[in-house]
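S.K.: Provided below are the primary sequence and the corresponding predicted coordinates.
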Amino acid sequence: MGRTVVEKIIAGHAGGRAEPGSIVWMDLDVRSARDFGGPNVIKNFAREYGEAPLADPAKTFFTFDLCAPACTLKYADNQQACRDFARKHGMTVYDVDKGIGSHVLFEEGRARPGTTVVGTDSHLNVLGAVNAFGQGMGDVDITFAFKTGKTWFEVPESVKVVLKGRPSVLATAKDIALFLCRELGTKSIALRAAEFYGEAVRGLDLAGRLTLCSMVTEMAGIIGFVPERNTSCARDLERLGLGAAADVAPDPDASYADTITVDVTGLPPQVAVPPSPNAVKPLTEVRGTRIDSGFIGSCTNGRTEDFMRAADILRGRKVKPGVMLKVVPATRRVYQELVDKGILGDLFRAGAIIVNPGCGGCAEGHVGLTGKGEVEISTGNRNFPGKQGKGPVYLASPAVVAASCIRGEIAGPEEI
Amino acid sequence: MKPAALRGRIWILVDATGRLIEDIDTDQIFHNAHLHITDLAQMGPLALGNLEGWKDFPRQAAPGNIIVAGRNFGAGSSRQQAVDCFLALGIAAIAAPSFSAIYFRNAVNSGFPVVRVAGLTQAVEAGLLHSGDEMEIDLRGGTGRVVVTDGQAVSDDRGALTVEPMASVPFEIYRAGGLFAFGRRDKKLGAS
């Protein structure tokens, strides 16, 4: 019997076993924790395992991205405690200068195609974009992974999601992801692995694939993959040194629990309205909604290409006075590319507030909370009540956020 | 060994209109403003602190109570504190039609029973289930029962709910008291 992408990767790490529904003990190529979760991991580790060594320090990492550099004493203490633990155990820290852990892990060649990666980040399944099996887990799981290099996992069923038709030229990967959040809700691919197919996703570059795969979490899926390759994505992977590794393609006779077809013909820009990433409408239905702030960044839309799309709209224009536009590159590498290409200058001159890399805009810690009544439009992946502060949050693509910040109200890029 | 069957008074997480709340996410259970906390005792008072209408829950709940919630409970973040805050309050279990994947394993790994129960939504809508009732659940699956309503025993068929059995590995981890205790028993895992 042939295997799907997720079954192939799991089988390669569980002694050849990957029957959907069965529970396997899986070897982990990367075990990581952030400045959130990490402090709990070292506390658990000391309590449970005392002075015992890690299973493999070379495969164990801290990635600091939640509050980087620390803006509260508690985070400063927590990060330093993790650094001390790392030094003692000989493991690597991707510190507060590096950016969002899930992105740093593939940029640094740790999360490669076909690898298994766990960490204290529920969007670690974004690594499906590079054909790695990433999973977010809590601090008990991660402590156990630090010690043993293993985790238990129920092999998910796989489902094919086939996108039919060609979206409008204004639609980006984010608009497709948001539309899928609406169409699939939190039921259709819940607890399953998705493989996305069709013209609309085949052409996505790596940044677009990261956007799509990151939002599988909001669809309650285990992970998403885009098995069809293209030259732009291959070029992006090669640039990161990830191109040489064997591609993980599903077998032609792989079996799927379901095939879901979603028609995206002529899809226009989409916006998720508060308070749920699954409450998605065409932009035209919320056009003109007054905003106080905008945010561009996150593990969903924090790549160089995302900021280039925003800069294309903001170049030579100004953010409306009174509107705050917060810009947070995903990683230091992205930051460097934006500096080199002059994109940061374009965004700065347009009035954007440029912040160092990290998980800004998505959690209290880095930057960019909203106050009560402050309406924000964000490229993040969640707008649950109270998630980014007290204000209502709309989710959209970088182009829509840029256009909205110029107008001071929700607007499409074609209106600029 | 943790018990395979449970009985306790229930809290039904309903919204202002009396409907079971679905997709309760970890920011509603344990807000990200408190992620720096590593001490269990500090987590209890923050449970459900961002769930509209339920901010008083930590003061009202008693050890041994069971929470009843809507489908996809624990969506969102991987934070273990979203489980630990209930452990800190002595909550005995959470029953819901389904849980997010991460939440389910975080709970099992902490020896905290999360039980998939079909029919809860309908039972709440039909007025068969009220906060304060007593519920009896066998984690190995079968029929869950609401045994007391307003001091009156209800018949089995009225209160019958279907409990989905836990798979053997998570069941054993839960029974052992969590992943750490489970790991110490199995030398092959290298966690002793």
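M.R.: On my side now, so go ahead. Numbering: from 1, shown residues only, chains lettered A, B, ... in the order given.
S.K.: got the confidence number for A:Thr116?
M.R.: On pLDDT, A:Thr116 comes in at 98.
S.K.: surely it and A:Ser32 touch.
M.R.: No: using CB atoms under 8 Å, A:Thr116 is not in contact with A:Ser32, being 11.7 Å away. Quick note: C-beta positions are derived from backbone N, CA and C, even for glycine.
S.K.: contact partners for the most centrally placed residue in chain B?
M.R.: The residue lying closest to the centre of chain B (CA atoms, centre = their mean) is B:Ile94, at 1.3 Å. Contacts here follow CB atoms under 8 Å, 6 or more residues apart in numbering or on different chains; on that basis B:Ile94 touches B:66-69, B:73, B:86, B:107, B:112-115.
S.K.: one step back: A:Thr116 and A:Ser32: which is more packed in?
M.R.: The residue with more neighbours, out of A:Thr116 and A:Ser32, is A:Ser32; 33 against 25, by other CB atoms under 10 Å in any protein chain shown.
S.K.: chain neighbours aside, what residue packs nearest to that one?
M.R.: A:Gly119 (3.7 Å; CB to CB, 6 or more residues apart in numbering or on different chains).
S.K.: ok, that neighbour - contacts?
M.R.: Here A:Gly119 is in contact with A:30-34, A:37, A:63, A:101-102, A:105, A:134, A:136-137, A:142 (criterion: CB under 8 Å, 6+ apart).
S.K.: out of these, which one sits closest to chain B?
M.R.: Of all the contacts of A:Gly119, chain B sits closest to A:Gly136, with 4.0 Å by CB to the nearest CB.
S.K.: please report the distance of the closest one from A:Val216.
M.R.: 11 Å (CB to CB, to the nearest Å).
S.K.: between these two, which has more neighbouring residues?
M.R.: Ranked by neighbour count (other CB under 10 Å), A:Gly136 and A:Val216 place A:Val216 first, with 29 against 25.
S.K.: need the per-residue pLDDT for that one.
M.R.: For A:Val216, the model assigns a pLDDT of 97.
S.K.: without its sequence neighbours, what residue ends up closest to it?
M.R.: In space, A:Val216 is closest to A:Gly224, 3.8 Å off (CB to CB, 6+ apart).
S.K.: wait, a strand at the one you found?
M.R.: Yes: the assignment for A:Gly224 (DSSP: H, G, I helix; E, B strand; the rest coil) places it in a strand.
S.K.: what about A:Thr300, which SS state?
M.R.: Under three-state DSSP, A:Thr300 comes out as helix.
S.K.: by mean pLDDT, point me to the weakest helix or strand of chain A.
M.R.: Least confident helix or strand of chain A, by mean pLDDT, DSSP states H and E, is helix A:231-239 with a mean of 88.
S.K.: before we move on, what about chain B?
M.R.: helix B:156-159 (a mean of 56).
S.K.: quick one on the thing from earlier: bridging residues for the residue nearest to A:Val216?
M.R.: A:Ala194 (DSSP bridges).
S.K.: which ones are touching it?
M.R.: A:125, A:128, A:161, A:189, A:193-196, A:212-213, A:216.
S.K.: try 7 Å this time
M.R.: Residues in contact with A:Gly224 (CB atoms under 7 Å, 6 or more residues apart in numbering or on different chains) are A:128, A:194, A:196, A:212-213, A:216.
S.K.: check B:Asp138 and give its pLDDT.
M.R.: Taking B:Asp138 on its own, its pLDDT is 88.
S.K.: near chain A, which residues of chain B show up?
M.R.: With CB under 7 Å from any CB of the partner chain as the criterion, chain B meets chain A at residues B:23, B:25, B:27-28, B:31-33, B:35-36, B:38, B:50, B:72, B:75-80, B:100-102, B:105-106, B:109-110, B:167, B:169, B:178-180, B:183, B:189-191.
S.K.: got the phi and psi for A:Ala68?
M.R.: Phi and psi for A:Ala68, reported as degrees, to the nearest 10, are phi -130, psi 120.
S.K.: name the SS class of the residue nearest to it when sequence neighbours are not counted, please.
M.R.: Closest residue to A:Ala68 apart from its sequence neighbours, by CB to CB, 6+ apart: A:Val96 at 3.6 Å. Classification of A:Val96 using three-state DSSP returns coil.
S.K.: how about A:Ala310?
M.R.: helix.
S.K.: A:Leu204 now?
M.R.: coil.
S.K.: you'd agree it is up against A:Ala173?
M.R.: Yes: between A:Leu204 and A:Ala173 there is a contact at 5.4 Å, judged by CB atoms under 7 Å.
S.K.: okay, those two: which has more neighbours?
M.R.: A:Ala173 (27 against 23).
S.K.: any low-confidence regions in the chain?
M.R.: Picked chain A for this. Applying pLDDT under 70 to chain A flags the ranges A:244-246.
S.K.: that's the other chain; I wanted chain B
M.R.: Using pLDDT under 70, the flagged stretches of chain B are B:144, B:146-159.
S.K.: show me the strands in it, by range?
M.R.: B:5-12, B:66-68, B:93-96, B:114-118, B:134-138, B:142-148, B:161-163 (DSSP state E).
S.K.: what's the first one packed up against?
M.R.: Other helices and strands packing on strand B:5-12, by 3 or more CB pairs under 7 Å, 6 or more residues apart in numbering or on different chains; DSSP states H and E, are strand B:66-68, strand B:134-138.
S.K.: centre of the chain versus that strand, how much separation?
M.R.: 9 Å (CA atoms, centre = their mean, to the nearest Å).
S.K.: what do you get for the fourth one?
M.R.: For strand B:114-118, the distance from its own C-alpha centre to the chain's C-alpha centre is 8 Å (CA atoms, centre = their mean).
S.K.: counting contacts, what elements does it pack onto?
M.R.: So strand B:114-118, by 3+ CB pairs under 7 Å, 6+ apart, packs with strand B:93-96, strand B:161-163.
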